[in-house]
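Asks: give me a model of this one.
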Amino acid sequence: MIEMKLRAGQRLKGMRELLGITRDDFSELVDIPWIRMKNIEQQKVRMAEEEFAKIGQRFPEFMPWITYEGDIVVEDLRNSPEPLCQLAAAKITAGQIPPVITSTTRLNNQFQRLY
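Replies: All right, here's what the predicted structure looks like:
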């Protein structure tokens with residue numbers, strides 16, 4: 001069994017912060033109501049399967065991180081057609097990573113792993 005340090009809502013918030021967008025903008029992008037997104041991030045409710053699917057449709061590069069605290073693969077972000085993923089790759093490369101992400105996951109780069 002995989003031991004996760006963070007709940008899905010915390011990982012979601014870290015992802016959103018890495019993308020550099022507000023909760024309101026993110027909720028519109030993935031078609032999840034703002035209040036629901038707030039409750040997920042604050043761990044008042046659990047993410048539903050449908051919400052994982054909506055996020056995965058828009059940001060498949062982040063699914064290992066969101067679902068089981070897996071690696072964030074920088075090269076996948078860099079090569080994504082989604083501009084926000086490309087921005088996230090640039091931020092990781094520049095070291096502008098939200099603390100929630102750096103404290104719990106490896107950032108898998110094509111050439112190295114950062115802990």
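Asks: just the strands in the chain please.
Replies: 72-73, 107-108, 113-114 (DSSP state E).
Asks: which residues in this structure form helices?
Replies: 8-19, 23-30, 34-41, 49-58, 63-68, 74-78, 83-93, 99-102 (DSSP state H).
Asks: please name the nearest non-neighbouring residue to the residue nearest to the spatial centre of the chain.
Replies: With distances taken as CA atoms, centre = their mean, Met15 lies nearest the centre of the chain, 2.7 Å away. Spatial nearest neighbour of Met15, excluding adjacent residues (CB to CB, 6 or more residues apart in numbering): Phe62 at 5.2 Å. Backbone N, C-alpha and C define where each C-beta goes, glycine included.
Asks: return the residues in contact with that neighbour.
Replies: Met15, Ile55, Ile72, Cys85 (CB atoms under 8 Å, 6 or more residues apart in numbering).
Asks: surely the last one is in contact with Val74?
Replies: Pointing back at Cys85 there. No: judged on CB atoms under 8 Å, Cys85 makes no contact with Val74 at a distance of 10.0 Å.
Asks: pLDDT score for the residue nearest to Met15?
Replies: With respect to pLDDT, Phe62 scores 95.
Asks: now swap in Arg7 and tell me
Replies: For Arg7, the model assigns a pLDDT of 89.
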